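Asks: A predicted structure for the sequence below; I have some questions about it.
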Amino acid sequence: MKTYLVRKGEYLEFKNDVARVLDHFESNFSTEEIVGEVSERSAKLVEKGVTDIDAYPEEDKETIARLLPEIEKGLIAVRRVFR
């Protein structure tokens, strides 16, 4: 079975003196956090932005239910794990 990592990504916008010192200009910063594992079917649904919990396989519903607000905002992506 193929396994996919669920990632939450956000952009942090720095507009202050610290940003100027660290990066020499004001810029954006991207962060990623691994927030779970799902099946291939769920990964495809996440990528499409499906928010209907009943569309997901039973084994992934708990993970998806926890992430629904982020899926609705487009903050969630998936990446396949090669083992």
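Replies: Received the coordinates, thanks.

Asks: Around residue 62, how many other residues sit close by?
Replies: The number of residues packed near residue 62 is 12, by other C-beta atoms under 10 Å. C-beta: built from backbone N, CA, C; applies to glycine.

Asks: can you tell me the helix or strand for it?
Replies: Residue 62 is located in helix 61-73, with elements delineated by DSSP states H and E.

Asks: Give me the buried positions along that helix.
Replies: Buried residues in helix 61-73, counting neighbours by 16 or more other C-beta atoms under 10 Å, are found at 63, 64, 67, 70, 71.

Asks: ok, now how distant is the fourth one from residue 32?
Replies: Residue 70 sits 12 Å away from residue 32 when distances are taken as C-beta to C-beta, to the nearest Å.

Asks: any residues in contact with both of those two?
Replies: Common neighbours of residue 70 and residue 32, counting by C-beta atoms under 8 Å, 6 or more residues apart in numbering, are residue 8.

Asks: Shouldn't residue 79 be within a strand?
Replies: Yes: with DSSP: H, G, I helix; E, B strand; the rest coil as the criterion, residue 79 is located in a strand.

Asks: surely it meets residue 4?
Replies: Yes: with contacts defined as C-beta atoms under 8 Å, residue 79 counts as touching residue 4 at a distance of 6.6 Å.

Asks: which secondary structure elements does the helix holding residue 62 contact?
Replies: Under the contact definition 3 or more C-beta pairs under 8 Å, 6 or more residues apart in numbering; DSSP states H and E, helix 61-73 sits against strand 3-13, strand 28-39, helix 40-48.

Asks: Before I go, just wanted to say thanks for your time.
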